[in-house]
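Visitor: generate a structure from the sequence data that follows.
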Amino acid sequence: MNSTPLKRKATGVESFSSQALLREQKNLELAEETEARWLGPMPPEEFLSEFLPLPNGAQQRKDICFETVAAAQSEAALVASFIEVANKSLSGLTFVNTSASRNSKSERLDPDVTGVFDMKHVRYLKSKTGAATAEVDFGYSDLIVECKIKTDAFIDPAPEEERTDVQEATSGGRESMEKGELEADELPMEENLPQESDGQEPSLEYEDDTLAPPFESQAKSARAIRGQLATYASAQIGSQFRNHTFSLFIFGKFARFIRWDRSCAIVSARFEYGTSPNNYLADFLHRYSLLDDAGRGKDPTLSPDPCSAGDCPPELAEKLHKANKSRFTSASPGKTELRKVFIPDREDPNVHHPHIISYPLPFVTPSPFGRATRPFLAYNPATQRMVFAKDYWRPAAEGIIKEGDVYKTLKAKGVRHIAPFGHGNDLAGQETIDLSKYAWAQDAPRTLQLQHYRMSLKVIGARLQDFPSTRILVGAVADAMEGHDDAFWEAKILHRDISMGNILIAQDQSQYRGKNAPADEEVDGIAVYSGLLIDWDLSVAFPTNGPLRKERTGTWQFISAALLTFLVNSHAVEDDRESSFYVVLFGALRYSKHEGGDETSARLRMFDEVITRAAGLPTGGALKEGLITGTRPYPIKFNPPLDAIIAEATRFFRPRYTFPTEEEKAIYDTFKDREENKEILNATAYGRNLAGLQRMQARGEWVALLRRKLEEDGWPDNDFYIQPLKPIRKYQKRRLWVSQTRASTPATSSGNKRTNFGSGTPIAARPDQVAFDAEADAVIE
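Guide: As a prediction, this is how the structure comes out:
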């Protein structure tokens, strides 16, 4: 595996971030993350004919006059006028004002206007002023409309002489943002802590690394608007089962259409809508109201209607609803119902297995783009058991192994501590858009085409961060890394994303099956509280002849220091082991009893540390490396066995970050030439470092260290505790999280050479370290 650029995305960071951010701050960061995902401008007439075709025999056009909307002098007036005009002119689709809902269950998201086809999903609440406010769960929203009084988020390319004063005014400058959208440097820090979720997003690949294309206005107000638009789209797609969706962006007397899928947002050219009843906006609304479910992007593998009462045992239905509403409190739906969803068979994707879920789901990924991994519980009527299910969008490239096939290989090789696979495969015909056929998109950044994939595991486990005690936390990690060793040496598969979200703690499976469920030894034999290593979708089999991913994989908080600092140029087995150490340390810091106090927040910053280098490339790991190479005891004390694990783990991984001198290597070579025995060689500084590297890479050594400590006395019975975090009062851009030990000069070395970030000069290579590249079978043998 060759070196690949690191990406630090909200989808891979937010779940385990120790930083609390305001909604507006998240919008700005999301705009930064989604640069080069906004493709356009697509001609409006082409947008309508391509994405919103009229049914046979339908009225060709509907005249709707939006003159009063275009003349509005405030955002509130624009919203009210649009709703009035649209609702008088359309049938079926109804628009409601949701601009002041501020529903805590939707993470304080309040799109200006929400269109729905079924008004029973609209709730009216009284605001503080006594006015009625509409509220719609994103799981039942259909068309979201965002309104601004003048600020555009995009710049349509045009010859200079054709540029209008309005274009210049709405695409640049420092306009005041609507609804409290402050400038980035002025944003305060929110008091509430971020909610946690599963669904980690390790990495997203796209083919063109060009950032900030000219179509995307770089005014702060414009970036905040793009982040806002993306947030609403993410909430809608994530709460529902959709392959794509649409939204409207109205700014003053201009508007744009947007079509979203998991690869990109296609944005129309801007157009005036208030000059004539015969306009693109009227045409869009008319066509949209006539689209069927598939045309509006709804996934046909979800039943449109609720299930019958007898389809799922009441006690298991209650568990489905409870998991849906309580696991992700900031994004949980207000009301849920049972729906049927289909999961394709691993051997034959045309065979679909019905499962029952609680709907709508809470949205767990902050970005509308990328893999969008979504975990949820489901009931399988065929086995009368609940299962763990997930769906995501995987690269639609030849040679990338499907996760179901990875599980098949792992089982065939006898890999321990993996969850039994249920069903899963690609969902036929559900791919992101292919832009190659559009003339307007020839110069747009290229996006990687993604394929929708859904699967289930036959076992239910608790999240690792819900451990009852730190002993169970460490035991689950030890089990998972034992399975990791099996996979690496027996199946020749490297996981590459060891994180809090990818290890489950097995539960008593009897509570998740119906009264008459047949026995399943593979499931019922799993020991309670044992650890299960899941999410093998980013794993790599080696030697590999398939396409390499363009980005390094992993969940940012747990990526090894060596990868974050570009100390190595490939992902190796020791990187995953180091990641598992950070999982233990993070879990203990964040979720167990200790006397860290205010020091807790400071120590957690190590996991979020980021250094923005040249060309905006994010790196980090300096604080992690400082922990491993430091000689002082860790300042926060937990319990004696866990304290010992932290101390021994830093020594275990230290050889990777220790660089013997040329003189020390010469002494080692002298003894080696004399054919001295191993004990004498290992007594030299160079020999000790080499032996440490070999131990770090050897099978079972890291697991054995954990197992030894698990047998020691001093573990508390129940020390789970969610540590309160001290909020940061002032907003700081990510690039301000910079370690003072290094400058931001890009590394120029590769392989096992170290670059001094201050001078750019390489330091001497380490002793014969093996990088464990994917092709290095000889090392494994």
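Visitor: contacts, neighbours, all on C-alpha from now
Guide: OK.
Visitor: tell me the pLDDT of the residue of the chain positioned farthest from its centre.
Guide: Of all residues in the chain, residue 674 has its C-alpha farthest from the mean position, at 54.8 Å, by C-alpha atoms, centre = their mean. Turning to residue 674, the model gives it a pLDDT of 79.
Visitor: if I look at it, how far off is residue 684?
Guide: 14 Å (C-alpha to C-alpha, to the nearest Å).
Visitor: what does residue 273 give?
Guide: 79 Å.
Visitor: neighbour count winner among those two?
Guide: residue 273 (24 against 16; other C-alpha atoms under 10 Å).
Visitor: and the more buried one, how far from residue 654?
Guide: The span separating residue 273 from residue 654 equals 64 Å under the rule C-alpha to C-alpha.
Visitor: now residue 420
Guide: Distance, residue 420 to residue 654, by C-alpha to C-alpha: 36 Å.
Visitor: same check, this time on residue 598
Guide: Residue 598 is 27 Å from residue 654, by C-alpha to C-alpha.
Visitor: so for those two, which sits in the more crowded spot?
Guide: Neighbour count, other C-alpha under 10 Å: between residue 598 and residue 654, residue 654 has more, with 20 against 11.
Visitor: can you pull the contacts of the more buried one?
Guide: Residues counted as contacts of residue 654 (C-alpha atoms under 8 Å, 6 or more residues apart in numbering) are 628, 629.
Visitor: and for the one 10 residues further on?
Guide: With contacts taken as C-alpha under 8 Å, 6+ apart, residue 664 has the following neighbours: 684, 685, 686.
Visitor: mind giving me the packing neighbours of the helix or strand containing the last one?
Guide: The reference is to residue 686. Element membership of residue 686, judged by DSSP states H and E, is helix 685-697. Here helix 685-697 touches helix 573-591, helix 640-653, helix 662-673, helix 678-683, going by 3 or more C-alpha pairs under 8 Å, 6 or more residues apart in numbering; DSSP states H and E.
Visitor: repeat that for 10 Å
Guide: helix 573-591, helix 640-653, helix 662-673, helix 678-683, helix 701-710 (3 or more C-alpha pairs under 10 Å, 6 or more residues apart in numbering; DSSP states H and E).
Visitor: which one of those helices is the most hemmed in?
Guide: Of all the helices and strands packed on helix 685-697, helix 573-591 carries the top mean neighbour count, a mean of 23, counting by mean count of other C-alpha atoms under 10 Å.
Visitor: pLDDT at residue 243, what is it?
Guide: pLDDT, read off for residue 243, is 97.
Visitor: next, residue 632: phi, psi?
Guide: Backbone torsions of residue 632, given as degrees, to the nearest 10, read phi -80, psi 150.
Visitor: isn't it up against residue 647?
Guide: Yes. If you go by C-alpha atoms under 10 Å, residue 632 and residue 647 touch, sitting 9.3 Å apart.
Visitor: how about the helices and strands packed on helix 685-697 in a markdown table, adding distance to residue 514?
Guide: Shown next, in a markdown table, are the helices and strands packed on helix 685-697 (distance: least, C-alpha to C-alpha, whole Å):
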| stretch | distance to residue 514 |
| --- | --- |
| helix 573-591 | 33 |
| helix 640-653 | 39 |
| helix 662-673 | 65 |
| helix 678-683 | 59 |
| helix 701-710 | 35 |
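Visitor: quick one, what contacts residue 406?
Guide: Residue 406 makes contact with 412, 487, 491, 493, 536, 537, 539, 540, 541 under the criterion C-alpha atoms under 10 Å, 6 or more residues apart in numbering.
Visitor: could you measure from the third one over to residue 409?
Guide: Pointing back at residue 491 there. 7 Å.
Visitor: in terms of neighbours, single out the busier of these two.
Guide: Neighbours per residue (other C-alpha under 10 Å) separate residue 491 from residue 409, with residue 491 holding more: 20 against 17.
Visitor: and the more buried one, what is it in contact with?
Guide: Neighbour list for residue 491: 406, 409, 410, 411, 412, 413, 414, 415, 484, 485, 541, 542 [criterion: C-alpha under 10 Å, 6+ apart].
Visitor: which residues touch the fourth one?
Guide: Yep, that's residue 411 we're talking about. Taking C-alpha under 10 Å, 6+ apart, we find residue 411 in contact with 405, 418, 419, 420, 421, 487, 491.
Visitor: go with 7 Å
Guide: Contact partners of residue 411, counting by C-alpha atoms under 7 Å, 6 or more residues apart in numbering, are absent.
Visitor: and the next element down the chain from the helix or strand where it lies?
Guide: Element membership for residue 411, per DSSP H and E: helix 403-412. Proceeding N to C from helix 403-412, the next assigned helix or strand is strand 421-431, under DSSP H and E.
Visitor: that next one: which residues count as buried?
Guide: For strand 421-431, the neighbour count (16 or more other C-alpha atoms under 10 Å) marks 421, 422, 423, 424, 425, 426, 427, 430, 431 as buried.
Visitor: ok, and what's touching it?
Guide: 243, 343-346, 349, 404, 407, 449-458.
Visitor: ok, back up a step: sort the contacts of residue 491 by pLDDT and name the bottom one.
Guide: Least confident entry in the contacts of residue 491, by pLDDT: residue 542, with 82.
Visitor: coming back round to it: out of the contacts of residue 406, who's nearest residue 719?
Guide: Lowest distance from residue 719 to these (C-alpha to C-alpha) belongs to residue 536, with 30.3 Å.
Visitor: which residues touch that closest one?
Guide: By C-alpha under 7 Å, 6+ apart, the neighbours of residue 536 are 403, 495.
Visitor: now the helices for the stretch 451-600 of the chain?
Guide: Taking DSSP state H, counting those that start in this stretch, the helices of the stretch 451-600 of the chain run over residues 470-489, 521-524, 561-564, 573-591, 599-608.
Visitor: nearest to residue 90 among those helices would be which one?
Guide: The closest of the helices of the stretch 451-600 of the chain to residue 90 is helix 599-608. By C-alpha to C-alpha, the value is 48.7 Å.
Visitor: what's the spacing between that closest one and its chain's center?
Guide: Relative to the chain's own centre, helix 599-608 is displaced by 21 Å; criterion: C-alpha atoms, centre = their mean, to the nearest Å.
Visitor: repeat for stretch 286-303
Guide: Taking mean C-alpha positions (C-alpha atoms, centre = their mean), stretch 286-303 and its chain are 26 Å apart.
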